[in-house]
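Asker: Sequence and predicted structure below; questions after.
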Amino acid sequence: MKAHILSTLACALALVAPAAAQSPVVIKFSHVVTTDTPKGQGAERFKQLAEERTKGAVKVEIYPNSTLYKDKEEVEMLQLGAVQMLAPSTSKFGPLGVKEFEAFDLPYIFPNEQVLRKVQDGPIGQGLFKKLESKGIKGLGYWDNGFKILTSNRPMHGPEDVKGLKFRIQSSKVLEAQFKAVGALPQVLAFSELYQALQTGVVDGQENPPSNITTQKVNEVQKHATLTYHGYVGYAVIVNKGFWDGLPADIRTTLEGAIKDATDYEHQIADKQNEKALADIRSTGKTEVYTPTEAENAAWRKALNPVQKEMASRVGKDLVAALNKEAEGAPNN
């Protein structure tokens with residue numbers, strides 16, 4: 001009887017063991033924007049490719065629009081292992097102690113997308129990722145959201161027009177300096193709080209690429225937009241380093257390929273979505289869209305370019321010099 005029980009138990013364990021071995025690796029991927037943004041679409045593409053190519057060995061759970069964590073919390077949660085993957089804006093790494101990433105926030109540092117891509121894919125961008133590893137973070141790729149425009153309830157033809165206005169910013173010393181340079185008042189707020197803050201007058205204006213403006217319905221509570229394209233918003237796709245290093249080598253290699261292809265896809269749709277979003281902003285009629293003249297663009301540049309020198313000691317003088325060297329002679333967007 002005893003032998004029969006042991007035999008039955010052994011059979012049961014034999015059946016359980018393969019099932020346990022086949023349990024999928026779960027990757028929780030949290031982000032703070034909606035699914036229909038470039039970042040949201042990139043995350044969905046990664047999920048599709050990762051699950052298909054690992055034949056179900058990996059399951060990617062996506063939590064968009066701050067449903068899991070707000071942007072002030074998410075990086076800490078990644079370090080703690082509560083979430084495995086994020087795509088925060090590069091501004092998020094300044095408060096973490098890797099201030100060099102705030103160079104991406106410098107006004108007019110990237111004259112066009114070609115220079116930006118060269119920086120991200122080359123030694124500069126990969127060197128910045130290396131600096132995250134001591135924080136328990138592994139960088140996998142850079143995603144785009146595009147170049148920023150300004151919105152407020154006041155016409156903004158030149159830098160003098162934003163003086164005294166309260167602008168929502170991400171937590172970045174560079175962005176603080178940027179708005180102070182034109183006499184505006186920067187206010188750090190979570191992205192999820194932006195619409196209500198504009199609606200209630202907590203802030204007067206904000207800066208974002210058009211796709212972020214339409215998906216958060218910012219254009220419904222802002223009367224004016226100016227196409228300054230003064231700065232860039234991009235994301236770093238990151239993963240908990242301990243989790244990543246602990247993956248089987250074949251799965252890790254497959255996921256690296258999925259990230260690369262999802263990154264190419266995300267880059268392609270970012271431009272298209274921003275073009276469509278800008279057309280949508282114009283078509284609603286609620287927001288007047290203004291294109292600065294050459295003289296006005298020159299005035300914006302003159303007012304904001306000194307921020308590069310002012311912030312060089314924070315983000316690294318050599319880094320700012322290297323970025324400007326990459327941009328030499330390149331035409332502006």
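Answerer: Sure thing, it's come through. Numbering: from 1, shown residues only.
Asker: my guess is Asn333 meets Glu113, correct?
Answerer: Yes - between Asn333 and Glu113 there is a contact under Cβ atoms under 8 Å: 7.2 Å. (Glycine included, C-beta is placed from N, CA and C.)
Asker: Reduced to three states, what does Glu160 come out as?
Answerer: The three-state label for Glu160, taken from DSSP: H, G, I helix; E, B strand; the rest coil, comes out as helix.
Asker: How many residues are close by Thr215?
Answerer: When neighbours are counted by other Cβ atoms under 10 Å, Thr215 registers 19.
Asker: Apart from its neighbours in sequence, what residue is nearest Glu310?
Answerer: Counting by Cβ to Cβ, 6 or more residues apart in numbering, Ala177 is the residue found nearest to Glu310 once chain neighbours are left out, at 5.6 Å.
Asker: tell me the phi and psi of Asn145?
Answerer: The phi and psi values for Asn145, taken as degrees, to the nearest 10, are phi -130, psi -10.
Asker: For the closest residue to it other than its chain neighbours, give me the pLDDT.
Answerer: Nearest residue to Asn145, sequence neighbours excluded (Cβ to Cβ, 6+ apart): Val233, at 4.3 Å. Note on Val233: pLDDT of 93.
Asker: and what of the one 5 residues further on?
Answerer: Reading off the per-residue confidence, Ile238 sits at a pLDDT of 98.
Asker: what's the strand or helix carrying it packed up against?
Answerer: Assigned by DSSP states H and E, Ile238 falls within strand 232-240. Packing partners of strand 232-240 (3 or more Cβ pairs under 8 Å, 6 or more residues apart in numbering; DSSP states H and E): helix 74-80, strand 85-86, helix 113-121, helix 123-132, strand 137-147.
Asker: As TSV, those with mean pLDDT, mean neighbour count and distance to Thr293 would be great.
Answerer: Below are those laid out as TSV (pLDDT from 0 to 100; neighbours: other Cβ atoms under 10 Å; distance: least, Cβ to Cβ, whole Å):
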stretch	mean pLDDT	mean neighbour count	distance to Thr293
helix 74-80	95	18	40
strand 85-86	98	26	40
helix 113-121	95	18	23
helix 123-132	97	16	33
strand 137-147	96	23	18
